[in-house]
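**Student:** sequence plus predicted model, see below.
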Amino acid sequence: MLYDGFLVVAIWMVLGYFIQFVFGTETNQVVNGRVETDPIQDTVLFLMMIASSFSFYAWFWTRSGQTLGMIAWRLRTQQPNGELVTFAQAARRYLLAWPSFFLLGMGYFWLYLDGNGDALHDRFSSTRVVLLPRSHRPF
């Protein structure tokens, strides 16, 4: 997650710059030492962050089962039968991973209780994360 987080933040920086370019800098003002922006711009920025991070993960999970960070650790997201996840499964997994993380990681700690070693969001999205053998070459 950390490796992929760096990539997602880089994407957000580029898209945030583009949104700032579209809206212009005159929508920002400093009030009592705090920068306030246009609420519409804030909403557009937030929706862009959600859409771009979902697109990042869904693209990799449905194409190869591995994000760039998962390649480094030889991990792969897949269906229990070994096939790639579907778009619907990727969407469910993405949406359920947020509460798993923000509720003190409880959804991730579930893997220690689960018989298959699945995190809670994997269980509800019918996906699995598997460790690939050292001989596996993603490219």
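**Tutor:** Nice, I can see it. In this text the structure is predicted, and so the values were computed from the model without any measurement.
**Student:** for the rest of this, base every contact and every neighbour count on C-alpha atoms.
**Tutor:** Will do.
**Student:** any idea how far F60 is from G16?
**Tutor:** According to C-alpha to C-alpha, to the nearest Å, F60 and G16 sit 22 Å apart.
**Student:** how about S126?
**Tutor:** Using C-alpha to C-alpha, which is the criterion applied here, S126 is 34 Å from G16.
**Student:** check A58 too.
**Tutor:** 21 Å.
**Student:** and those two? Which one has more around it.
**Tutor:** More crowded of A58 and G16, by other C-alpha atoms under 10 Å: A58, with 23 against 18.
**Student:** please pick out the residue of this protein most distant from its centre.
**Tutor:** N32 (34.7 Å; C-alpha atoms, centre = their mean).
**Student:** what pLDDT does it get?
**Tutor:** On pLDDT, N32 comes in at 92.
**Student:** phi, psi of it?
**Tutor:** phi 50, psi 40 (degrees, to the nearest 10).
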